[in-house]
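Engineer: sequence plus the predicted model coming up.
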Amino acid sequence: MDKNIREKFNEEILGLIAKRYGVSLKELDNIGGFENFVYEFNRKDKDYILRISHSKRRSMNMIEGEVDWLNYLYNNGLSVSPAISSKEGNFVERVQSKDVDFLGVVFEKAEGRHVEYKDLKPEIFIEWGKVIGKIHRLTKYYIPKKSDIKRFNWLDDYREVESYIPKNQPIIKEKYRNIVKYINELPKDRDSYGLIHTDAHSGNFFVKDNKITLFDFDDSCYKWFISDIAIPLFYYGMYENVGFDNIEKSKEFIHYFLEGYDKENNLDSKWLKEIPVFLKLREIVLYSVIYRSLDVNNLQGSAKRFMDKRSERIENDIRFLNIDFTKI
């Protein structure tokens, strides 16, 4: 998140938004957030999440579009964390500051907990795939309640990616432009392109009794379905015990993930050959985001592992995963 936004956000703004949901400041527990301010609170023995965004990143209409689609999925049987309305009946509450609006939404908190490495097993991979497959099946029939709340096209969220890549890395900038051009020319139809989650890694769902509840639809946009298959595979390698280049574990993951996906949706197998392109896109985007948000000279954990020789791999067109996905 931009430093200037953090400086503009204060307790008064937080209190005004919370009050509209009948919540006091002392009831809120700050649980962090990368692009948003995120809090947890309890009401009548039920846990909720208050997420506060800003208008420099997402407009009021865009967040209303997120909530509209999220609740459509929930009402059609998908296991997600739905948004709830404020005391005034609004799903999005706005507080205006000097030159930025802060926008609050409350969601039911998902049951369960984050998946740890020891929990990663075929049953989870299959369920993961089923959730994504069901999203894609349902999204084919989704129509926004109002035309002005329609979510954005995938490219609209990538406008600044290139600007965060250091100027002394022109080859990576060129690689990024070439990938965007290639992807943008892929065919679009109802069975392969639509409104998707775009960020369905294990950090964005909880598991209870092998049932997945998905949340964080903040990045949802119109994009190719195959991206929603590539992204979980990409972030599976973030587990230290898996690693970014563990071919066998990655093959096992995608095998069971697709087994679950195919139970809910039919995606033409020709799209599997595009997985490496979407993996490479996310690789460069994450590379850019790390330069934007972190101190690259003082990285730790998965970010440090990811950035190790990353520029060389991107510049030399080394596949993120050396797998022939047409033979999965």
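Structural biologist: That came through fine. Numbering: from 1, shown residues only.

Engineer: got any ranges where the chain has weak pLDDT?
Structural biologist: 1, 240 (pLDDT under 70).

Engineer: where do the helices sit along it?
Structural biologist: With DSSP state H, the ranges of helices along the chain come out as 3-8, 11-19, 60-75, 122-139, 161-164, 170-184, 225-236, 247-264, 275-293, 301-307, 310-315.

Engineer: just name the most buried of those helices.
Structural biologist: helix 225-236 (a mean of 24; mean count of other CB atoms under 10 Å). From N, CA and C alone the C-beta is placed, and that goes for glycine too.

Engineer: OK, contacts around the residue nearest to residue 175 when sequence neighbours are not counted?
Structural biologist: Excluding the flanking residues, the one nearest residue 175 by CB to CB, 6 or more residues apart in numbering is residue 314, at 5.8 Å. Contact analysis of residue 314 by CB atoms under 8 Å, 6 or more residues apart in numbering lists 171, 172, 175, 280, 283, 284, 287.

Engineer: do residue 251 as well
Structural biologist: With the criterion set at CB under 8 Å, 6+ apart, residue 251 makes contact with 323, 328.

Engineer: could you redo the last one with a cut-off of 10 Å?
Structural biologist: 233, 321, 323, 324, 325, 327, 328 (CB atoms under 10 Å, 6 or more residues apart in numbering).

Engineer: before we move on, what about residue 315?
Structural biologist: 169, 170, 171, 172, 174, 175.

Engineer: separation between the fifth one and residue 267?
Structural biologist: Translated: residue 174. 31 Å (CB to CB, to the nearest Å).

Engineer: same question, the fourth one
Structural biologist: As for residue 172, its distance to residue 267 is 30 Å (criterion: CB to CB).

Engineer: kindly report the same for the third one.
Structural biologist: Counting by CB to CB, the separation of residue 171 from residue 267 is 33 Å.

Engineer: chain neighbours aside, what residue packs nearest to residue 272?
Structural biologist: In space, residue 272 is closest to residue 325, 4.3 Å off (CB to CB, 6+ apart).
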